[in-house]
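In: coords below, sequence missing:
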């Protein structure tokens, strides 16, 4: 059976055809954009920070009774406490390396500033997140050096976290280096942090290092990072610890005991809310919880929409099969084979779904343009629309199969029945 | 053309077996016009559905145009229905969503015929039944008599070897019935083999011979004149 008689029959059932085609069009428009958003979220969730993330954990702790002043004596005392802790952690058998840092990627505790090529520049050349740590920072994070050198113990200073940030040397991420010096060769060049008049010399470039937040406000400078050889002194500290391979859980447990053995006057909050000793996997999971939630929500919406549309097609086709029961028998009596009846309904559905898909393509692109204007979403590649079309057409064919097979099994003798 | 020998059709349920046809024998020669009569429930519709390969039978033999149909699969039966048999139903059975032209075209499309040949046959058939001018009308726009003529055109379009008519005038008034009957007679005179199931003795009398089906068995009245009165008496008594 070819198209003209099927189209002629469809013209007699306009309301049902238009409703299902419209449902297919809306499903296509929403599913395409939802899948695009899901894809983007998954891409965000899976992007590597630039660190070697396995076997890493973070300890956040606070000393009880530690000095709080910004004077030299207080600073020295706090740095002494910090170095004692670092030594204690280094001695834990399952710990490979340790560094004291202000923050790490995805922790959602950010220190950001402008970086300029000239002093007192009105608008900084780039915005970046800042990480402070000692000579073990690169090794413990597991970031890869692309050019220049890492910090040595001699480079490392200590200062209060409230003191002015005037590092003589820094390491930058490749993305920031490219932004500052598009011509390359950033190593050895000078830049100015914030309003500093004293330059900071770039001594090294790391391949990739993400900023400390995954929130959208960092989208413009996600990979712009600066590392400074500084132990920040405060009454609290963060230790990034790399456990020996496969010994993460043991190292986390042992580190807690080692810190309390070195100095019991501290608070390490183990409550679920603060969870002061956390694996990096936990930090990553928490950072992308909203993205994961959005991806799951969108997936559920897609599944529900597809299921409702599939059910609509099954319902309408079943209704039509019931309505045309006698007509199917007549067709069989006139020589239609079972496969002809099956094909009739499959083709009929293909025409309806095809019409719906054409309208759906326009709606999908329109919805994407609206989202781009209102919510700064990216332009959806055509591939998503084509994939969406394939999905709704396949859904239509799958949904129509069962009622179409029921129709194909209508016996030809039905043609002779009067009721 | 159509030969059934010791044919039986049994409808089975869990508790009962009902013989719709039992030791049924009939032989319709090529070019004959046979009327099949019988009271309600006698098995004449079952005979027609089996003759038209619309359902299977339980035992015996059935040869149609020299082909033993017992072993044919569903596809082969569909092919024979399409190529060798034309159906005319009591309730016309036109497809309401298709116009007259497209209704006549249905069996030709299932045959896989080319468009030009289809078009030629459709117009010939519609001209044959006097409805060429109504080709673009829908069934609902036609009278009962016209709808039955379209059904006859649909049956004729495929040039079938056998025309099976199930109470073709049953839903028509006298005038329309006469017109349809004359059309069938014309078609028969042109050489078609027709088997017509009817209740109406007047219509049956216009056929070459009549076969009565009583309790699932065929009684050929013209071949068994002594049985004639007895058979009519039984039919009359059952109808009363």
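Out: That came through, no problem. Bear in mind the structure is a predicted one, so any value in this text is a computation, not a measurement.
In: Residue B:75 is in contact with residue A:337, correct?
Out: Yes. The criterion here is C-beta atoms under 8 Å, and residue A:337 meets it with residue B:75 at 5.2 Å. Backbone N, C-alpha and C define where each C-beta goes, glycine included.
In: more neighbours, those two?
Out: residue A:337 (20 against 12; other C-beta atoms under 10 Å in any protein chain shown).
In: In which helix or strand does the closest residue in space to that one that isn't next to it in sequence reside?
Out: Using C-beta to C-beta, 6 or more residues apart in numbering or on different chains and skipping the chain neighbours, the partner closest in space to residue A:337 is residue B:78 (4.5 Å). Here residue B:78, judged by DSSP states H and E, is contained in helix B:74-84.
In: for residue 61, what are its contacts?
Out: Looking at chain A here, since you left the chain open. Contacts for residue A:61 were tallied using C-beta atoms under 8 Å, 6 or more residues apart in numbering or on different chains; they are A:85, A:236, A:237, A:239, A:259, A:266, A:267, A:268, A:276.
In: nope, chain B please
Out: For residue B:61, counting by C-beta under 8 Å, 6+ apart, the contacting residues are B:3, B:4, B:5, B:6, B:7, B:68, B:70.
In: and residue A:278, what are its phi and psi?
Out: Backbone geometry at residue A:278, expressed as degrees, to the nearest 10, gives phi -130, psi 140.
In: in the sheet, who's paired with it?
Out: residue A:58 (DSSP bridges).
In: and chain B, which residues reach chain A?
Out: In this structure, chain B approaches chain A at residues B:45, B:48-49, B:52-55, B:74-75, B:78-79, B:81-83, B:87, B:89-91, B:93, B:95-99, B:102, B:105-107, B:109-111, B:154, B:158, B:166, judged by C-beta under 8 Å from any C-beta of the partner chain.
In: Please flag which of the residues you listed sit within helices.
Out: B:45, B:48-49, B:74-75, B:78-79, B:81-83, B:102, B:105-107, B:109-110, B:154 (DSSP state H).
In: List buried members of those by neighbour count.
Out: The neighbour count (16 or more other C-beta atoms under 10 Å in any protein chain shown) marks B:45, B:48-49, B:78-79, B:81-83, B:102, B:105-107, B:109-110, B:154 as buried among those.
In: of these, closest to residue A:154?
Out: Distance ranking of these against residue A:154, using C-beta to C-beta, places residue B:109 first at 90.9 Å.
In: looking at it, the closest one is touching residue A:3, isn't it?
Out: No. The criterion here is C-beta under 8 Å, and residue B:109 misses it with residue A:3 at 11.0 Å.
In: and the residue of the stretch 51-200 of chain A at minimum distance from chain B, how many residues sit next to it?
Out: Using C-beta to the nearest C-beta, residue A:106 is the residue of the stretch 51-200 of chain A that sits closest to chain B, at 61.8 Å. Around residue A:106 there are 21 other residues, counting by other C-beta under 10 Å.
In: Chain neighbours aside, what residue packs nearest to it?
Out: Residue A:106 sits nearest to residue A:287 (C-beta to C-beta, 6+ apart), 3.8 Å away.
In: One more: residue A:160?
Out: Per C-beta to C-beta, 6+ apart, closest to residue A:160 is residue A:70, 4.5 Å.
In: Help me confirm that the one you found comes into contact with residue A:162.
Out: Yes. With contact defined as C-beta under 8 Å, residue A:70 counts as touching residue A:162 (5.5 Å).
In: between those two, who's got more neighbours?
Out: Neighbours were counted for residue A:70 and for residue A:162 using other C-beta under 10 Å; residue A:70 has more, 13 against 10.
In: Now do the same for that one: helix, strand or coil?
Out: coil (DSSP: H, G, I helix; E, B strand; the rest coil).
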